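K.L.:
Here is a sequence with its predicted model. Questions after.
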Amino acid sequence: MLRLKHIFNFTRPLILLLAGMTYTLGTGIARYLGRADNPLTFSLGFGWVILVVMAMNLLAVYFRPHNEFLVVGETIPERNWLRAAAFQLSIAALGVAAVLTVFLLQQGISPSTTFFATLILLAALAYALPPLRLVTSGFGELALAILVAALVPAFAFTLQVGELHRLLAAVAFPLTALTLAALLIFTFPAFAEDRRYERRTLLTLMGWQRAVPLHHILIFSAYLLFAAMPQFGIPWAAIAPVFLIMPFALFQVFWLQRISQGAPPNWKFVNILAITVLGLTTYLLTITFWIR
């Protein structure tokens, strides 16, 4: 049972949940424009995205350097079992995703959908597999943010509509900024361990002195982009709900700034703030586009 819990954690459920939410958001934008009308295509695409992202997360674990623990206190046999299980489950996920690809092709998909599906698959493999292995390149957080917050909703949208729309881009840019800010937050608690194992994250690449201002810029940029959307013909009513979350985002900026100035860190609380800001923003956008 404990081993299964570790495998479950390796899939990174929060990232899977976020991918599912952004996929639903992409379809919601299509519904808002009066174009989404195929539940079967939605279901096939949803399953495809979740399986590819899950395989990516498991392969990232499988290809960790052998001098790193997968879980604290593991024995060598346990580590070997966990690696083998992660690899086998990732291959199974990719196999089922390949079957879903055949079903999607039978439904008929546009060149734009094929393009974004290919980008998602290539980004996932580049994130997890050598020689690129972006997860340890220092740009893993950026690649993951673009994949989940931009490519996934674009895939979902084009799966229903067949082409792009400015509303999709208007939502994807600020959401990518918020996602990158959250992913950056998540790396702070492991900063010392990452340096010890010479893992390259965006935080270790930049140093916390520059990463903290970057986080603040990402948060403020996201809300500035949301605020500017009515200037490009996007109705204010479609965007207004995200500003209900802005106080939490500002509190996140304030709290991280306090920590950078020497206040005792409470990373669990900051992580919850980051999850709240990103999760509720994505949820409110999704609900707004689905019900309007």
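P.N.:
Yep, it's here.
K.L.:
alpha carbons only for contacts and neighbour counts from here, please
P.N.:
OK.
K.L.:
those helices in the stretch 1-150 of the chain, which residues are they?
P.N.:
2-10, 13-32, 39-62, 76-107, 111-128, 140-146 (DSSP state H, counting those that start in this stretch).
K.L.:
Tabulate those (TSV), appending mean pLDDT, distance to Ala237 and mean neighbour count.
P.N.:
TSV is the format used below for these (pLDDT from 0 to 100; distance: least, CA to CA, whole Å; neighbours: other CA atoms under 10 Å):
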stretch	mean pLDDT	distance to Ala237	mean neighbour count
helix 2-10	88	38	13
helix 13-32	96	12	22
helix 39-62	97	26	22
helix 76-107	95	34	16
helix 111-128	97	28	19
helix 140-146	97	26	21
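K.L.:
Identify whichever of those lies nearest to Leu273.
P.N.:
helix 13-32 (13.8 Å; CA to CA).
K.L.:
Which other helices and strands does the closest one contact?
P.N.:
helix 39-62, helix 152-161, helix 166-187, helix 267-291 (3 or more CA pairs under 8 Å, 6 or more residues apart in numbering; DSSP states H and E).
K.L.:
Go through the ones you listed and pick out the most buried.
P.N.:
When those are scored by mean count of other CA atoms under 10 Å, the highest mean neighbour count falls to helix 152-161 (a mean of 28).
K.L.:
Please state the offset of it from the chain centre?
P.N.:
In terms of CA atoms, centre = their mean, to the nearest Å, the centre of helix 152-161 is found 16 Å from the chain centre.
K.L.:
Let me have the helices of the stretch 1-150 of the chain in TSV, extended by distance to Met206.
P.N.:
Below are the helices of the stretch 1-150 of the chain laid out as TSV (distance: least, CA to CA, whole Å):
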stretch	distance to Met206
helix 2-10	26
helix 13-32	23
helix 39-62	22
helix 76-107	30
helix 111-128	19
helix 140-146	12
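K.L.:
Go through those and name the closest to Phe289.
P.N.:
Phe289 lies closest to helix 13-32 among the helices of the stretch 1-150 of the chain, at 5.0 Å (CA to CA).
K.L.:
Tell me what angle the closest one forms with helix 152-161.
P.N.:
40 degrees (axes from the mean of the first three to the mean of the last three CA atoms, to 10 degrees).
K.L.:
one step back: of all the helices of the stretch 1-150 of the chain, which one is nearest Leu278?
P.N.:
The nearest among the helices of the stretch 1-150 of the chain, by CA to CA, is helix 13-32 at 8.8 Å.
K.L.:
Outside of that closest one itself, list whatever touches it.
P.N.:
By CA atoms under 8 Å, 6 or more residues apart in numbering, the residues outside helix 13-32 that reach it are 36-37, 42, 46, 49-50, 53-54, 148-149, 152-157, 160-161, 167-168, 279, 282-283, 285-287, 289-292.
K.L.:
again, only this time at 6 Å
P.N.:
Contacts to helix 13-32, defined as CA atoms under 6 Å, 6 or more residues apart in numbering, come from residues Ala36, Val148, Val152, Pro153, Ala156, Phe157, Thr286, Phe289, Trp290.
K.L.:
what's the answer for stretch 101-115, then?
P.N.:
In contact with stretch 101-115 (CA under 6 Å, 6+ apart) are residues Phe155, Thr158, Leu159, Gly162.
K.L.:
Adding pLDDT and distance to Ala181, write those residues out as CSV.
P.N.:
What follows is the contacts of stretch 101-115, written out as CSV (pLDDT from 0 to 100; distance: CA to CA, whole Å):
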residue, pLDDT, distance to Ala181
Phe155, 98, 23
Thr158, 95, 26
Leu159, 95, 28
Gly162, 88, 31
